[in-house]
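Q: Turn this into a structure:
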Amino acid sequence: MHEHFYRLVPRYSRSPNGLVILYGAKHPAVLWYSTFEELETQLINITYRSYFERAGLGRSKDEMLVVLLREQVQHINVLWRLIRTQPGVELLGYCTSPLDVQLCDALDTFSAMEEATIDFTEYRYTRKMGFRDIGCTCFACLPDMEHLTWMWRCARIAHAYLPQRLFDRVFKELKDGVARG
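A: Residues are numbered from 1 along each chain as shown. You can find the predicted model right below:
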């Protein structure tokens with residue numbers, strides 16, 4: 001189903017036009033560009049409404065988490081917009097753009113932030129990383145060892161110039177998976 005997606009690591013691949021990202025291991029969440037655009041607007045409205053309801057007084061811990069989520073979503077959307085302006089940056093079906101690496105890292109952070117949140121029902125916020133495309137066994141969703149090896153080779157060549165910490169954060173799991181064979 002997702003065979004034509006450009007792959008970066010097992011938890012991140014995207015459609016050639018950049019409108020859809022598969023994010024997560026084994027059964028990835030299907031993330032749509034338009035959903036994150038709407039999410040940005042939703043989080044802006046939540047934080048402004050909360051600010052005015054409290055008459056500008058200090059924020060609670062939950063309100064600060066919403067603000068941090070909003071900032072992260074805005075960062076994701078900036079990267080995603082840039083990717084959409086250069087959607088064809090790939091080599092043999094593997095992502096070669098540093099923007100894809102940065103977006104994967106930003107989605108990792110966003111996912112961890114959502115995991116850290118306990119209850120945002122008072123803000124009418126629902127988690128975005130919860131939907132799973134269960135059942136797809138294409139190599140974009142469940143790559144075999146051959147595809148993992150090619151992903152790692154491509155990462156070492158195409159992304160060798162990235163800051164070492166960013167490279168390690170995004171590609172560590174892939175490197176370890178290939179090493180285990």
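Q: which non-adjacent residue is nearest the residue most central in space within the chain?
A: Central residue of the chain (Cα atoms, centre = their mean): residue 107, 2.8 Å from the mean position. Using Cβ to Cβ, 6 or more residues apart in numbering and skipping the chain neighbours, the partner closest in space to residue 107 is residue 23 (5.2 Å). Yep, even glycine has a C-beta here, placed from its N, CA and C like the rest.
Q: ok, back up a step: give the contact list for the residue nearest to the centre of the chain.
A: Contact partners of residue 107, counting by Cβ atoms under 8 Å, 6 or more residues apart in numbering, are 12, 21, 23, 31, 76.
Q: and of these, the nearest to residue 160?
A: residue 12 (18.3 Å; Cβ to Cβ).
Q: Residue 177 contacts residue 10, doesn't it?
A: Yes - using Cβ atoms under 8 Å, residue 177 is in contact with residue 10, at 7.3 Å.
Q: between these two, what contacts are shared?
A: Residues touching both residue 177 and residue 10 (Cβ under 8 Å, 6+ apart): residue 148.
Q: Give the rounded mean pLDDT of stretch 15-24.
A: Mean per-residue pLDDT for stretch 15-24: 89.
Q: ok, back up a step: out of the contacts of residue 107, which sit inside strands?
A: Those of the contacts of residue 107 mapping onto strands are 12, 21, 23, 31, per DSSP state E.
Q: Can you mark which positions in stretch 172-181 are buried?
A: 174-175, 177-178 (16 or more other Cβ atoms under 10 Å).
Q: So what's the gap between it and the chain middle?
A: 20 Å (Cα atoms, centre = their mean, to the nearest Å).
Q: which strands and helices sit next to the longest helix along the chain?
A: Assignment by DSSP state H gives helix 61-85 as the longest helix of the chain. Applying 3 or more Cβ pairs under 8 Å, 6 or more residues apart in numbering; DSSP states H and E, one finds that helix 61-85 contacts helix 33-53, helix 98-116.
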